[in-house]
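> Here is my input; please provide its structure:
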Amino acid sequence: MDFRFTDEQRLWSDTLHTFMEREVGREYTRKHDESREFPEEAYRKFAERGWLGLLIPEEYGGLEADPVMYAIFCEAIATYSLDFAAAVMTSMFTATNIANHGTAEQRERYLGGFLRGDIKFSVSITEPGAGSDAAGLRTSAVADGDHFVLNGNKVFCSGAHVPGTVITVLARTGPDRHKGLSLILVPNNEPGVDIRKLNTIVRRSLGTTEIFLTDVRVPRENLLGEVGGGWTYIGEHLEYERLALAASYVGNARTALDDTVTYTSGRTQFGRPLSSFQVLKHRMAENECEIEAARLLVYSAATKMARGERAVKEVSMAKVFAADVAFKTSFNGMQALGGYAQLPEYDMERYFREAKHAMVGGGTSEIQRSIIAKEMGL
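Residues are numbered from 1 along each chain as shown. Predicted coordinates:
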């Protein structure tokens with residue numbers, strides 16, 4: 001077993017980390033977190049380099065990277081913020097679904113604009129009464145001639161309000177719990193779509209929203225894939241999403257630990273550096289072990305996916321463990337920085353807020369453990 005990156009993978013990782021340092025950076029990330037503005041300039045830079053097309057087949061203009069290269073990407077872009085990484089990754093999941101399951105007309109209509117950065121996507125699954133029980137959703141899409149008419153209420157739909165966004169709505173088209181669900185592409189400026197941004201402690205630059213759909217009429221050609229295929233398509237989406245999230249948690253945990261090491265090495269109390277105190281030293285050593293373990297889980301899952309194998313258990317293991325590690329690392333950073341951890345300019349409070357959300361977003365840690373147990377036959 002060889003745990004090293006290939007030369008190509010190492011170059012890719014170095015390129016991305018250099019880009020994040022020089023083209024994005026801490027100040028830009030912090031500014032957009034504080035202002036709650038979408039990082040449009042940085043997003044455009046990703047588009048200009050073709051990186052938005054990492055998961056898109058070459059025949060549709062993408063790069064068709066394998067899951068390992070994608071995990072490297074997600075780890076790097078989360079260097080300064082999990083929210084920033086989500087602002088880039090969220091659109092990529094739906095674009096991949098369109099490439100895999102869309103019609104030729106849908107690929108023509110959406111993928112070119114997406115790759116240029118002109119079209120963004122948001123995924124709308126959760127409802128006030130259907131969170132972890134996603135299949136219990138009630139939002140309806142009723143066929144009416146050559147249209148679907150949508151009615152319902154969605155919540156925690158990240159990025160739905162950003163101009164130029166098409167919302168992928170998981171809606172009920174039939175009575176069956178799973179086979180009665182379909183994906184409908186709904187532009188966010190359609191009549192009857194009411195989007196309200198939520199004042200959450202995370203998702204501040206990407207933003208998350210509540211959506212009210214009232215007699216929203218969209219053409220039948222906005223159906224993504226087959227009627228009743230939504231649950232299956234979302235399942236494929238979630239495998240990539242959980243890999244992406246786990247990789248991003250590892251990337252941000254690494255920065256949180258590096259910042260803690262830098263601060264404690266430069267801060268003197270009682271006549272010696274904070275890093276020389278055993279309690280802090282041991283916490284940082286433990287975090288180092290945990291981050292490396294989480295990283296191995298991520299790339300083990302990515303390698304299995306790259307072989308074309310099912311990796312439901314592996315991505316859930318990576319996500320739940322990496323989320324715990326990100327939270328623990330940022331919590332220890334908050335303790336080490338003391339009062340300074342409360343200040344935005346030290347970044348640790350952002351890592352801490354976003355790491356707490358990691359235990360909920362993309363499927364709660366409790367749901368991930370249930371998935372793992374099911375895969376174990378329990």
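
> Tell me which residues touch Gly192, please.
150, 213-217 (CB atoms under 8 Å, 6 or more residues apart in numbering). Where C-beta positions appear, they are placed from N, C-alpha and C, glycine not excepted.

> before we move on, what about Ala135?
By CB under 8 Å, 6+ apart, the neighbours of Ala135 are 177-178, 181, 231.

> if we can go back for a sec, next step: the contacts of Gly192 restricted to strands.
The members of the contacts of Gly192 that map onto strands under DSSP state E are 150, 213-217.

> just the buried members of those residues?
Neighbour counting with 16 or more other CB atoms under 10 Å marks 150, 213, 216 as buried within these.

> Tell me how many other residues crowd Arg310.
Neighbourhood size, Arg310 [other CB atoms under 10 Å]: 11.

> from what I can see, it looks like it's in a helix, true?
No - read with DSSP: H, G, I helix; E, B strand; the rest coil, Arg310 is coil and lies in no helix.

> Quick check: phi and psi at it.
Dihedral pair for Arg310: phi -70, psi 130, per degrees, to the nearest 10.

> Could you measure from it over to Lys304?
As for Arg310, its distance to Lys304 is 8 Å (criterion: CB to CB, to the nearest Å).

> now the helices for the stretch 201-350 of the chain?
230-266, 278-306, 312-337, 348-358 (DSSP state H, counting those that start in this stretch).

> Distance from the third one to the middle of the chain?
In terms of CA atoms, centre = their mean, to the nearest Å, the centre of helix 312-337 is found 15 Å from the chain centre.

> tell me the angle of the helix or strand harbouring Ala373 relative to helix 348-358?
Using DSSP states H and E, Ala373 sits in helix 365-375. Helix 365-375 and helix 348-358 are oriented at 40 degrees to each other (axes from the mean of the first three to the mean of the last three CA atoms, to 10 degrees).

> Show me which residues of helix 365-375 are buried.
365, 367-368, 371-372.

> same question, stretch 45-63
46-47, 51-56, 60-63.

> Quick one: end-to-end length of that stretch, please.
Length of stretch 45-63, first residue to last, CA to CA, to the nearest Å: 16 Å.

> Check stretch 104-122 too.
21 Å.

> Can you point out the buried residues in that stretch?
Buried residues in stretch 104-122 (16+ other CB under 10 Å): 106-107, 109-111, 114-115, 117, 119-122.

> what does it rub up against?
43-44, 46-48, 50, 52-53, 56, 60-62, 90-91, 93-95, 98-99, 102, 157-160, 162, 164-168, 185, 188, 221, 224.

> Need the three-state assignment for Ser13.
Applying three-state DSSP: Ser13 is helix.

> And it, how close does it get to Ile201?
Distance from Ser13 to Ile201, by CB to CB: 30 Å.

> And for Leu224?
The separation that Leu224 has from Ile201, given CB to CB, amounts to 32 Å.

> okay, these two: which has more neighbours?
More crowded of Leu224 and Ile201, by other CB under 10 Å: Leu224, with 24 against 12.

> Who is that one paired with across the strands?
Leu183 (DSSP bridges).

> Tell me who's in contact with it.
Contacts of Leu224 (CB under 8 Å, 6+ apart): 97-98, 101-102, 106, 168, 182-185, 230, 233.

> got the phi/psi numbers for Val360?
phi -120, psi -50.

> what's near enough to touch the residue positioned nearest the centre of the chain?
With distances taken as CA atoms, centre = their mean, the chain has Ala86 as the residue nearest its mean C-alpha position (4.1 Å). By CB under 8 Å, 6+ apart, the contact set of Ala86 is 158-159, 203, 206, 248, 361.

> can I assume Cys157 sits in a strand?
Yes - Cys157 forms part of a strand when assessed by three-state DSSP.

> For the closest residue to it other than its chain neighbours, grab the count of nearby residues.
The spatially closest residue to Cys157, leaving aside those adjacent along the chain, is Ser124, at 4.2 Å (CB to CB, 6 or more residues apart in numbering). Using other CB under 10 Å, Ser124 has 25 neighbouring residues.

> Same question for Ala256.
With other CB under 10 Å as criterion, Ala256 counts 29.

> Wait, it touches Lys328, no?
No - between Ala256 and Lys328 there is no contact under CB atoms under 8 Å: 9.7 Å.

> For the closest residue to Ile125 other than its chain neighbours, give me phi and psi.
Nearest residue to Ile125, sequence neighbours excluded (CB to CB, 6+ apart): Leu170, at 4.8 Å. Here is the backbone geometry of Leu170 (degrees, to the nearest 10): phi -90, psi 110.

> who's Leu170 bridged to?
Leu183.

> can you pull the contacts of it?
123-125, 134, 137, 139, 181-183, 230-231, 234.

> do Ala301 as well
243, 246, 311, 314-315, 317-318.

> can you rerun that using 6 Å?
Each residue near Ala301 by CB atoms under 6 Å, 6 or more residues apart in numbering is listed here: 243, 311, 314-315, 318.

> Quick check: nearest residue in space to it, chain neighbours excluded?
Glu314 (3.7 Å).

> How about Ala358?
The nearest residue in space to Ala358 (CB to CB, 6+ apart) is Ala323, at 4.0 Å.

> Over to Ile77?
Ala85 (4.7 Å).

> In terms of pLDDT, where does the most far-flung residue of the chain relative to its centre sit?
Among the C-alpha atoms of the chain, the one most distant from their mean position (CA atoms, centre = their mean) is that of Gly271, at 43.5 Å. What the model reports for Gly271 is a pLDDT of 96.

> Now do the phi/psi pair for it.
Torsion angles, degrees, to the nearest 10, at Gly271: phi 80, psi 10.
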